[in-house]
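# The sequence and its predicted three-dimensional model are supplied below.
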Amino acid sequence: GESVGLHLPTLSVQEGDNSIINCAYSNSASDYFIWYKQESGKGPQFIIDIRSNMDKRQGQRVTVLLNKTVKHLSLQIAATQPGDSAVYFCAENRRNSGYALNFGKGTSLLVTP
Amino acid sequence: GAVVSQHPSWVICKSGTSVKIECRSLDFQATTMFWYRQFPKQSLMLMATSNEGSKATYEQGVEKDKFLINHASLTLSTLTVTSAHPEDSSFYICSIQKITYEQYFGPGTRLTVT
């Protein structure tokens, strides 16, 4: 069925290294993708988004890459810091589904000193 | 961005009672708000779409008579869990959507039913 999934449930990186979190989606009709960061006991925090007419978008220390050919999305975090430790979710938004978000399972990122 | 608040942040209630959770958009008039539920170590699952001035649209498997949603104004949506049971214990999160499709989430409400 249609789904947004993540390749790795947990990721441990050293402080200062770059982190890459991956996400796969199955519906070619998906046209808008978002990455969220969720700290324990809090609501998801918007990180960065990308529309299907783009393949790369950069923010502050973060980059999202979209490969529509293989239906793959990734979030790159440069110079990972302890404050980046959280669960990261990718989500897709399909216009023909009322604009609600379909969330992936989440990747837990742990940054070690 | 957008600022979204939820009240209460956590609530404990006895089985069989009802609980109301408020979601407020503090700096944006939201025609559409969404309600999600999240169980421990799981992802967010959409429960319903709340539209100002009209009935909410519920996802398959979500009982509309149990989870009452009222979107009374462009800045307030409420979710009432009626006759709550322990299996309704969860983290309830609302979001508002801007015209550009960006969604911003509230801080969540932790519901524990004893």
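Happy to help now that I have it.
# Give me the secondary structure label for the residue of chain B positioned farthest from its centre.
No residue in chain B has its C-alpha farther from the mean C-alpha position than B:Thr100, which lies at 21.3 Å (Cα atoms, centre = their mean). Put simply, B:Thr100 is coil when judged by DSSP: H, G, I helix; E, B strand; the rest coil.
# Provide a list of residue ranges in chain A with pLDDT below threshold.
Low-confidence segments of chain A (pLDDT under 70): A:1-8, A:94-98.
# near chain B, which residues of it?
With Cβ under 8 Å from any Cβ of the partner chain as the criterion, chain A meets chain B at residues A:32, A:34, A:36, A:41-46, A:49, A:89, A:93, A:98-106. Just so you know, the C-beta spots here come from the backbone N, C-alpha and C atoms, and that holds for glycine as well.
# ok, now with 10 Å
By Cβ under 10 Å from any Cβ of the partner chain, the part of chain A that sits against chain B consists of A:4-6, A:9, A:31-32, A:34, A:36, A:38, A:41-46, A:49, A:51, A:87, A:89, A:91, A:93, A:95, A:97-106, A:108.
# B:Glu63 contacts B:His85, correct?
No: using Cβ atoms under 10 Å, B:Glu63 is not in contact with B:His85; the gap is 11.5 Å.
# A:Lys42 and B:Ile93 touch, don't they?
Yes: at 9.3 Å, A:Lys42 counts as touching B:Ile93 under the criterion of Cβ under 10 Å.
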